[in-house]
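Colleague: From the sequence below, what's the structure:
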Amino acid sequence: MITKKRNIYMTVGPLQFLFLSGLIVLNGCTTSPETDEDVNKPNIVIIYADDLGYGELGAYGATELKTPNLDKLANGGLRFTNGHASSATCTPSRYALLTGVYPWRNKNAKILPGTAPLIIDTAQITIPKMLRSKGYHTGIVGKWHLGLGNGNVNWNQRISPGPNEVGFDYSYIMAATQDRVPTVYIENGYVDKLDPNDPIEIDYDNNYEGQPTGKDNPELLKMKWHHGHNNTIVNGIPRIGFMKGGESAKWIDEDMADVFLKGAQDYVKKHKNAPFFLYYALQQPHVPRTPHPRFVGSSGMGPRGDVIVEADWAVGEFINTLKEEGLLENTLIVFSSDNGPVLNDGYYDDAVEKIGDHNPKGPLRGGKYSLFEAGTRVPFVTYWQGKIAPGISDALVSQMDLLSSLATLVGSDEITSDSQNLLEVFTGRKGKGRDELVLEATSRTAFLKGDWAMIPPYSGPAISKHVNIELGNSKDYQLYDLKADLGQNNDLSEENTDKLAELRACYETILGEDGNNKIEALELK
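Modeller: A predicted model of the protein is given here:
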């Protein structure tokens, strides 16, 4: 069984036990005794960027791109230098984040079309479901991309199951990604601003008669497609998939950051008097990169840089709202990204041409879709004013560990076997994180143990020509000492066969039967 319960008083450390009993807070300052019911539970916010690389923020070494608000968050909290998404692509990472389960255990946890069914079992434990059981109000605002319904969605009625059925009391989402249809917002299962006289129809295989496409009607485009994005045109941008109807409900791409920011601000204002959990899932810098006009040109790097500046601003505005509402000192904030960076991911938007001296992946090798470190090692920050001391941690941590760690924080006995309780690491009380971690990229897996990274042999191209990213494919095992060679330039598999054998044995034990899934062809989406 993946999900299991525990006796919380037997498994938490003394620091957490005292916190849960209300005798001390995490910074060690004494208070008067209180009962469990009197404890002022912290609000919890996860801010999740989309395709943001390890080297994008000033706090992580960027010099050409200005991110003052995210830098302030990172420098004021605990900045992890070895923090990982579970996957080098979006859907699997989001699945692992919310469920605390390795995505390779679920064969459906892969990049999904907008019509895919919900891939989280409604009986499965999730972060919002666990927190709701401890008295939290739970909300999501932003990108979902974990499937909706049971595979045959009628977009003109209530769409279920979805976020509300896996633990969220409130949801305001886009179904999949900004480059996929349907290009509408969905609030608690209903398409926002939908005119019932103009019903939505969606098909990922066949176009509707009379509907222009990016492939056939380039004269209608304000953004040209490079690969894969040549179906229905919405707002002058060609998408993946075909859509008809729903004109009044279609979003305006350039307003998306403002819409999601207002949704997140309104949520915390409405629920400030009770503990809340908000999953604020940004769309930047995923394609299509469509900054609001007030951010156009702000980075000097074209739309990709501009939307990162826009995202930084949005995070700053959101944190200001927490401060203005008197919530910041009692709110634990986690900031991270679903996978590593990519420049050309399907549109001609000058991301490659205007990158200049900026290096989105920092000192790492690879990027989105890759088994090298830049695929999953991403910015990872925990911030809690007055509770988490500013600092830097090199502990190995995974977003998957948040479920069990937050469960310990709030006194829940709901954990999963893949998610490790690293609360004291996330709050800076201890330095040691995980011993090992299996990583995933488009159905392929790799392994981290201590300072070592191992990539098994895989067929396929070494570099994806469309996105110009090294994928990690090789006919032989690869072994890297990350402490001495963070950029993974020196393969030590032949000269350190004992270490390779050690990692292989451990990796194969963890994967077991769940790791024998068929390797699928790379899809760039």
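Colleague: What is the neighbour count of residue 468?
Modeller: Applying other CB atoms under 10 Å, we find 12 residues neighbouring residue 468. Where C-beta positions appear, they are placed from N, C-alpha and C, glycine not excepted.
Colleague: I'd like the distance between it and residue 192.
Modeller: 37 Å (CB to CB, to the nearest Å).
Colleague: thought residue 186 was touching residue 173?
Modeller: Yes. Using CB atoms under 8 Å, residue 186 is in contact with residue 173, at 5.4 Å.
Colleague: Quickly list what's touching both of those two.
Modeller: With CB atoms under 8 Å, 6 or more residues apart in numbering applied, the overlap between the contact sets of residue 186 and residue 173 consists of 144, 162.
Colleague: Of the two, which one has the most company?
Modeller: Taking neighbours as other CB under 10 Å, residue 186 and residue 173 compare with residue 173 leading, 26 against 23.
Colleague: Kindly provide the whole-number mean pLDDT of whichever helix or strand the more buried one is part of.
Modeller: Using DSSP states H and E, residue 173 sits in strand 170-174. When pLDDT is averaged over strand 170-174, the result is 98.
Colleague: so what's residue 113 up against?
Modeller: The contact partners of residue 113, taken as CB under 8 Å, 6+ apart, are 176, 180, 204, 240-241.
Colleague: Please read the previous query as pertaining to residue 80.
Modeller: Here residue 80 is in contact with 380-382, 392-395, 397 (CB under 8 Å, 6+ apart).
Colleague: what are the bridge partners for it, then?
Modeller: On the basis of DSSP bridges, residue 80 is bridged to residue 380, residue 393.
Colleague: With residue 331 instead?
Modeller: On the basis of DSSP bridges, residue 331 is bridged to residue 43.
Colleague: again with the one 4 residues further on
Modeller: When assigned by DSSP bridges, residue 335 has beta-bridge partners residue 47, residue 381.
Colleague: let's number from 48 now, not from 1
Modeller: Sure, I'll start counting at 48 from here, so that last one is residue 382.
Colleague: That one and residue 354, how far apart?
Modeller: From residue 382 to residue 354 the distance is 16 Å (CB to CB).
Colleague: Which residue of the two possesses the greater neighbour count?
Modeller: For residue 382 versus residue 354, neighbours defined as other CB under 10 Å are more numerous around residue 354 (31 against 25).
Colleague: my guess is that one meets residue 332, correct?
Modeller: Yes. Between residue 354 and residue 332 there is a contact under CB under 8 Å: 4.8 Å.
Colleague: Point to the residue nearest the middle of the protein.
Modeller: residue 385 (2.9 Å; CA atoms, centre = their mean).
Colleague: so who does the closest residue to it other than its chain neighbours touch?
Modeller: Spatial nearest neighbour of residue 385, excluding adjacent residues (CB to CB, 6 or more residues apart in numbering): residue 140 at 4.2 Å. Contacts for residue 140 (CB under 8 Å, 6+ apart) come out as 132-134, 150, 385-386, 423, 446.
Colleague: The same query, at a cut-off of 6 Å, please.
Modeller: For residue 140, the contacting residues are 132-134, 385-386, by CB atoms under 6 Å, 6 or more residues apart in numbering.
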